[in-house]
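**Student:** here are the coordinates; sequence isn't available:
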């Protein structure tokens, strides 16, 4: 659900306004010219007592801050859909401060710390006052982000209304990401620019803004769907790569535009081929992640939510490797890939095309 400058933390379904400008939290690479205007398919009905419908105000915030996730999250069954919606919005709040490059380092770090305090020890008066102040002061170009900050009381109220287990999981992972982001903000120069040092530094950054998202999604999947327990170890083993692979595709695709805005995620001196190889290795693990879900009997919504971004990430990476940074999939190409995933699920075939091809199913 993150990655500055793109749409992140958790699939690649549409071009999204950033994830904020420094780390977009979305495991959804934004590598296409357009996307359908309606959810890709409806989710299954909910049976969990904490699985109320997503509140309309939260749905609107989701639409305003991420077209990609607004399209993809409705694929999920409840209660996971509500949990992921709220988790996305919380990660987006942290992203907004990470990306507030016009603020001094110290102020961005303090905003992240204040956000963490509200998650740990919520106080209604402090939450309301903080939301008003942030909405009025945070230097961000997207009106939707300001609206999100202004609605901080509603977002946190919905968060604390989730099941206790979901609250603890989302809080733990949001805090880890927020603290990691603060560490990278502390390394920015006086112009707010961040330069990553080497491949290990790039991997550490991707972990903070996307790998943790992959880990959180996995824990929420396991929490809401006990039948997946048999595949838990294999899913956890691949969860970090699931998020980081999608993030690396975003970084490679947007490297030119990011650099122009002072975000240099591709380290100087590291051959682009090495980053491409790392992205491909992570995407192989991401594909395995989807297949583990499928073999474990995951519901269709979970499979579509994870398989679509992995398929689009593979196609986007191929396009970027041949055409260079900035290359995107077209709307018809996206539609074809999405429908291919759904046809495979309809037929009970592997959700990932490489697996279908390997077994002779086309």
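**Tutor:** Now that the structure is in, tell me what you want to look at. Being a predicted model, the structure only gives us computed values, none of them experimental. Numbering: from 1, shown residues only.
**Student:** Please enumerate the helices of the stretch 201-350 of the chain.
**Tutor:** Counting by DSSP state H, counting those that start in this stretch, the stretch 201-350 of the chain has helices at residues 212-224, 232-253, 255-260, 272-295, 300-323, 331-347.
**Student:** same thing with the stretch 51-200 of the chain?
**Tutor:** Ranges of helices within the stretch 51-200 of the chain are 56-65, 67-72, 80-98, 105-120, 124-137, 143-150, 152-160, 164-185, 199-206, based on DSSP H, counting those that start in this stretch.
**Student:** Tabulate those helices (a markdown table), appending mean pLDDT and distance to residue 315.
**Tutor:** No exception for glycine: its C-beta is placed from N, CA and C like everyone else's. Converted to a markdown table, those look like this (pLDDT from 0 to 100; distance: least, Cβ to Cβ, whole Å):
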| stretch | mean pLDDT | distance to residue 315 |
| --- | --- | --- |
| helix 56-65 | 85 | 25 |
| helix 67-72 | 74 | 15 |
| helix 80-98 | 94 | 23 |
| helix 105-120 | 96 | 35 |
| helix 124-137 | 90 | 37 |
| helix 143-150 | 89 | 27 |
| helix 152-160 | 95 | 33 |
| helix 164-185 | 98 | 27 |
| helix 199-206 | 97 | 20 |
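**Student:** from those, which stretch is densest packed?
**Tutor:** helix 80-98 (a mean of 28; mean count of other Cβ atoms under 10 Å).
**Student:** quick check: angle from it to helix 124-137?
**Tutor:** Between helix 80-98 and helix 124-137, the angle comes out at 60 degrees (axes from the mean of the first three to the mean of the last three Cα atoms, to 10 degrees).
**Student:** Pull out the buried positions in stretch 227-236.
**Tutor:** Using 16 or more other Cβ atoms under 10 Å as the test for burial, stretch 227-236 gives 228, 231-232, 234-235.
**Student:** what's the spacing between it and its chain's center?
**Tutor:** Offset of stretch 227-236 from its chain centre (Cα atoms, centre = their mean, to the nearest Å): 21 Å.
**Student:** ok, residue 182 touching residue 111?
**Tutor:** No. Assessed by Cβ atoms under 8 Å, residue 182 is found out of contact with residue 111, at 9.3 Å.
**Student:** tell me the pLDDT at residue 302?
**Tutor:** Confidence at residue 302, expressed as pLDDT, is 96.
**Student:** so who does it touch?
**Tutor:** Counting by Cβ atoms under 8 Å, 6 or more residues apart in numbering, residue 302 makes contact with 76-77, 80, 221, 225, 293.
**Student:** Now tabulate the helices of the stretch 51-200 of the chain in CSV and tack on distance to residue 283.
**Tutor:** Shown next, in CSV, are those (distance: least, Cβ to Cβ, whole Å):
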stretch, distance to residue 283
helix 56-65, 26
helix 67-72, 17
helix 80-98, 21
helix 105-120, 30
helix 124-137, 36
helix 143-150, 29
helix 152-160, 31
helix 164-185, 22
helix 199-206, 13
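**Student:** For residue 269, which of the ones you listed is the nearest?
**Tutor:** Closest of the helices of the stretch 51-200 of the chain to residue 269 is helix 199-206, at 9.7 Å (criterion: Cβ to Cβ).
**Student:** Identify the residues contacting that closest one?
**Tutor:** Helix 199-206 is contacted by residues 23, 184, 196, 243-244, 247-248, 251, 265-267, 270, 274-275, 278 when judged by Cβ under 8 Å, 6+ apart.
**Student:** how far away is the closest residue to residue 227 other than its chain neighbours from residue 322?
**Tutor:** Distances taken as Cβ to Cβ, 6 or more residues apart in numbering put residue 297 closest to residue 227, at 5.3 Å, once the chain neighbours are dropped. As judged by Cβ to Cβ, to the nearest Å, residue 297 and residue 322 stand 37 Å apart.
**Student:** quick one, which of these two is more surrounded?
**Tutor:** More crowded of residue 297 and residue 322, by other Cβ atoms under 10 Å: residue 297, with 11 against 8.
**Student:** what's the more buried one sitting at in phi/psi?
**Tutor:** Main-chain torsions, residue 297, degrees, to the nearest 10: phi 80, psi 30.
**Student:** I'd guessed it sits against residue 221; true?
**Tutor:** No. Counting by Cβ under 8 Å, residue 297 sits too far from residue 221 to count as a contact (12.0 Å).
**Student:** what residues are shared contacts of those two?
**Tutor:** The contact lists of residue 297 and residue 221 share residue 228, where a contact means Cβ under 8 Å, 6+ apart.
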